[in-house]
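Participant: here is my input, please return the structure:
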Amino acid sequence: MSLVALQTLLTIVRTGSLVRASEELNVTQSTVTARLKALEDDLGQTLLVRRKSGATLTASGLKLVRYAEVMTELWRQARQETALPEGTDALCNVGCHVDLWPGLGRRFFDSIRANHPSIALSAWPGSHAEMEQWLDAGVVEVALTFQPATRENQTLYRLPEETLVLVSTDPASPLRFDPHYIYVDGGAEFGRRHAEAYADAGTADISYGSAVWALQHILDHGGTAYLPESMVTGQIADGTLFRLAKAPEFTRPVCLITNDTATATWDWLPPLIADLMEDV
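Facilitator: Model prediction:
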């Protein structure tokens with residue numbers, strides 16, 4: 001099984017067809033077909049069903065893609081680490097939920113840069129499920145996320161909880177039945193508590209899976225949404241957004257998880273984590 005064949009499979013999946021994959025990889029379609037066949041022969045499984053409309057993964061193909069993504073990412077990481085310039089001691093890969101990047105993520109990342117210039121850094125946005133997979137596979141050594149779950153050989157550090165507040169571009173926005181309300185997914189626990197607090201309210205026409213995206217939407221088009229207090233402090237201070245004081249508030253946990261095998265010799269890491277935890 002070759003890395004090139006795995007990369008070719010991922011390109012087919014991403015583009016949706018062998019023809020588009022060959023164009024992107026700048027090889028002939030017969031080369032793409034040969035790489036795919038070699039991969040299928042190695043595994044003894046059919047990975048794709050080819051139709052005129054495009055290529056569809058089989059059940060075996062779906063399983064392989066998960067490993068192919070990790071394997072190709074580990075290879076990229078290995079190439080990067082072995083090619084580190086002289087004077088660079090280590091490579092630190094940080095996974096961060098997109099909503100945590102503007103605050104804790106950047107603070108953590110910038111602290112490493114400022115205090116440990118000999119460490120090469122790489123940051124990756126992703127969901128909690130992706131963080132779990134990346135930590136298990138060694139793709140990232142540290143993850144900042146909202147869901148406090150760990151597995152063997154991992155350590156969880158609880159950071160200050162995040163407060164979600166209702167903000168709007170209109171200070172007179174109603175708390176219920178607001179036609180401009182935007183629902184922002186804050187996780188399962190937030191969804192349950194939000195449903196209890198607004199059981200008599202309607203369903204939002206627009207929803208986002210990211211507070212960062214929702215904030216940009218509101219700033220561009222106006223509206224109301226529950227957003228992290230730390231994310232909107234500046235907009236509230238300058239009058240761009242208004243906090244609806246009578247609205248209920250919600251909190252959600254924030255945590256940092258480490259891959260203990262990878263970080264065992266990183267003496268510089270505990271003080272940085274302690275700094276993030278100082279307000280707990």
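Participant: who touches the longest helix seen in the chain?
Facilitator: Assignment by DSSP state H gives helix 59-82 as the longest helix of the chain. With C-beta atoms under 8 Å, 6 or more residues apart in numbering as the test, helix 59-82 has contacts from 3, 6-7, 9-10, 13, 43, 45-48, 57, 91, 93, 120, 122, 133-134, 137-139. For glycine as for every other residue, the C-beta is placed from the backbone atoms N, C-alpha and C.
Participant: what packs against the lengthiest strand in the chain?
Facilitator: Longest strand in the chain, counting residues (DSSP state E): strand 154-168. Secondary-structure packing of strand 154-168 (3 or more C-beta pairs under 8 Å, 6 or more residues apart in numbering; DSSP states H and E): strand 224-228, helix 229-237, strand 242-243, strand 250-259, helix 269-277.
Participant: deepest-packed of those, please.
Facilitator: Greatest average neighbour count among those goes to strand 224-228 (a mean of 24), per mean count of other C-beta atoms under 10 Å.
Participant: so which of the helices and strands packed on strand 154-168 is nearest L166?
Facilitator: strand 224-228 (5.4 Å; C-beta to C-beta).
Participant: could you point out the helix or strand that follows the helix or strand of the chain with the lowest mean pLDDT?
Facilitator: Lowest mean confidence among the helices and strands of the chain (mean pLDDT, DSSP states H and E): helix 59-82, at a mean of 76. Where DSSP states H and E defines the elements, the next helix or strand beyond helix 59-82 is strand 90-96.
Participant: now do that following strand: everything it contacts.
Facilitator: 77, 80-81, 84, 104-105, 108-109, 112, 118-126, 130-131, 134-135, 139-145, 266.
Participant: between that strand and helix 269-277, how big is the angle?
Facilitator: Put simply, strand 90-96 runs at 30 degrees to helix 269-277, going by axes from the mean of the first three to the mean of the last three C-alpha atoms, to 10 degrees.
Participant: so how far is strand 90-96 off the chain centroid?
Facilitator: Offset of strand 90-96 from its chain centre (C-alpha atoms, centre = their mean, to the nearest Å): 13 Å.
Participant: ok, now stretch 19-28?
Facilitator: Relative to the chain's own centre, stretch 19-28 is displaced by 29 Å; criterion: C-alpha atoms, centre = their mean.
Participant: and the residue nearest to A120 when sequence neighbours are not counted, what pLDDT?
Facilitator: Leaving aside its chain neighbours, A120 sits nearest to L91 (4.6 Å; criterion: C-beta to C-beta, 6 or more residues apart in numbering). With respect to pLDDT, L91 scores 81.
Participant: go on, the one 5 residues further on?
Facilitator: On the pLDDT scale, C96 is placed at 94.
Participant: give me phi/psi at the residue nearest to the spatial centre of the chain?
Facilitator: Centroid check for the chain by C-alpha atoms, centre = their mean gives G126 as the closest residue, at 1.2 Å. With angles defined as degrees, to the nearest 10, G126 sits at phi -170, psi 170.
Participant: sweet, I'm off.
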